[in-house]
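Show me how the following folds:
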Amino acid sequence: MNSRFEFGIYPGGAAGTDTGITSGPIDDPLMMKEALNQLQGASEIMIVRAYIGFKGAGHGITETPLRPEECLSFNRKLDLVLCFQSPLLISTEWKAFITNAIERFSTHLRYLQITEEANVNLPSLDGFYPDSKKALVDGVVWAKKEVLRLSLAVSVGFNATPDFNPDKTFWKDIKGLASDEFYKSLDYVGLDCFPDVFRALPLVDGIPDISGAIRMLLTMFSIDIVSAGIDRSIPLHITENGWPTGKSRSDERQAYMLEAIVKTLFALRIEFNIETYELFCLRDADSSVDDLFFQFGILRDDYSKKPAFGVFEKLIKELTLTERIFNA
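Numbering: from 1, shown residues only. Alright, predicted model coming up:
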C-alpha cells in the first residue's frame with residue numbers, strides 16, 4: 001500500500017492570538033527563501049503555507065507572508081488559505097475573491113483551503129464571523145468548480161481545531177449546510193493542533209505522553225468529521241502544528257517536542273490517512289516578547305537558527321527517504 005507524506009511550513013512570522021495578530025519585524029523574502037531551500041534539501045516537493053484574508057468588498061485583503069509566490073519554485077508549491085473575515089457573506093463577492101486567488105496562483109497551487117479555523121470564535125479567526133460556516137461550505141463547492149474549469153491539479157479542503165465541545169455544534173452545522181456537491185468537492189480536511197502548548201500533556205513515567213495525545217486527537221477528529229457526513233477515508237492534513245519557546249520554554253524542549261510529534265504522526269500516517277504535515281512556523285513574530293504567540297518559530301526574528309531548525313531539516317530528509325523506500 002503506497003502512502004504520501006509531504007512536508008510544509010508557514011514561512012512568515014505573524015501569528016493569530018486571542019485578541020488579534022502579532023506584530024514585529026517584517027518578513028525578509030531573501031532570508032525566508034534561503035531557509036526554505038535548506039529545509040527542503042533534495043526533497044522532490046515542499047509545501048509553503050500562506051494566508052489571504054477576505055474582509056468584504058471595499059475593505060481590502062490581508063496577506064501573509066506578503067507576495068508568497070516569491071517563496072515558490074517548480075518543486076515548492078503553495079497551500080493557500082482563503083480566510084473569510086467579513087461581517088456579512090455576499091456570495092458574489094466571496095466567489096469573486098476565490099476565483100481571483102485561484103487565477104493569481106494557478107501555476108503554484110497544490111492545496112486550497114477554504115476558511116481558517118471556522119470552529120474557533122476568536123477575533124483573529126474565521127469562527128468569529130457569523131457566516132463563516134456557510135462561506136466554508138459554499139466556498140469549497142465554488143473553488144472546486146473553478147479548479148476544474150481551469151484544469152488545475154489542486155486539492156480543495158478546509159480545516160478545524162480539535163473540538164472539545166461535547167455538543168459538536170460546528171460539525172452538526174456543517175452537515176446541515178452541506179450538499180452532495182459539497183462532499184464530492186471536498187478533497188481533504190485539515191487539523192490544526194498544538195499538543196502541550198495551551199494545555200500540558202499528561203505524563204507517563206515522568207515524560208509527556210505525546211504518542212497518546214496525538215492518537216487521541218486524531219481519533220476524536222476522525223469521529224467529528226464523520227459526524228459532519230464526511231467519509232472517514234478522506235485524507236487528513238496537519239495544517240498547523242508547532243511548539244513555542246520563551247523564558248519557561250527552552251529551545252531544546254522545542255526541538256524535542258517537534259521531533260517527537262512529527263515521528264508520531266509519521267508512524268500513524270497510514271492508519272489515519274495523513275498526507276501532509278505543515279509546521280507553524282518558520283520564524284518568531286518578535287523574539288523579544290515573552291509570549292508564546294510571538295515565539296513559535298524555529299528561527300528567531302533575525303533568522304538565526306534555534307536547534308529545532310536542524311531537527312526539522314533532518315526529519316524532512318530522513319522521513320522523505322523512508323517514504324520513498326516504503327513506496328518503492
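
Give me the neighbour count for P202.
Neighbourhood size, P202 [other C-beta atoms under 10 Å]: 9. The way it works is simple: take the backbone N, C-alpha and C, and place the C-beta from them, glycine included.

I meant A101, not that one.
20.

cool, and the one 4 residues further on?
Neighbouring residues of F105 were enumerated by other C-beta under 10 Å; the total is 21.

Kindly report the same for the one 3 residues further on.
Counted by other C-beta under 10 Å, the residues lying close to H108 total 19.

That one reaches K77, doesn't it?
Yes. The pair H108 and K77 qualifies as a contact (C-beta atoms under 8 Å) at a distance of 6.1 Å.

which stretches of the chain aren't confidently modelled?
1-2 (pLDDT under 70).

for it, which helix is longest?
helix 307-327 (DSSP state H).

which outside residues touch that one?
For helix 307-327, contacts defined as C-beta atoms under 8 Å, 6 or more residues apart in numbering pick out 2-5, 7, 9, 35, 38-44, 46, 251-252, 254-255, 258-259, 262-263, 266, 279, 298-299.

Helices - which of those residues land there?
Short answer: the contacts of helix 307-327 in helices (DSSP H) are 35, 38-40, 251-252, 254-255, 258-259, 262-263, 266.

Which stretches in the protein count as helices?
29-40, 91-104, 132-149, 169-177, 180-185, 210-227, 251-267, 307-327.

which helices and strands sit right next to the fourth one?
Same thing as helix 169-177. helix 132-149, helix 210-227 (3 or more C-beta pairs under 8 Å, 6 or more residues apart in numbering; DSSP states H and E).

tell me which residues in the first one are buried?
Of the residues in helix 132-149, 132-147 count as buried by neighbour count, 16 or more other C-beta atoms under 10 Å.

Can you name the residues in contact with it?
Contacts for helix 132-149 (C-beta under 8 Å, 6+ apart): 82, 84, 86, 89, 91, 94-95, 98-99, 102, 112, 114-115, 118, 126, 129, 154, 156-158, 170, 173-174, 177-179, 181-182, 184-187.

Would you mind giving the orientation angle of it with respect to helix 169-177?
Here the directions of helix 132-149 and helix 169-177 differ by 50 degrees (axes from the mean of the first three to the mean of the last three C-alpha atoms, to 10 degrees).

Wait, A101 touches Y51, no?
No. With contact defined as C-beta under 8 Å, A101 does not count as touching Y51 (11.0 Å).

Any chance of CSV for the helices and strands packed on helix 169-177, columns distance to L66?
Shown next, in CSV, are the helices and strands packed on helix 169-177 (distance: least, C-beta to C-beta, whole Å):
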stretch, distance to L66
helix 132-149, 23
helix 210-227, 32
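
right, and the ones you listed - which one's nearest M31?
Closest approach to M31 among the helices and strands packed on helix 169-177 (C-beta to C-beta): helix 210-227, 30.9 Å.

Point out the other helices and strands that that closest one packs with.
By 3+ C-beta pairs under 8 Å, 6+ apart, helix 210-227 packs against helix 169-177, strand 188-192, strand 236-241, helix 251-267.

Tell me, how many residues neighbour K314?
K314: 12 neighbours (other C-beta under 10 Å).
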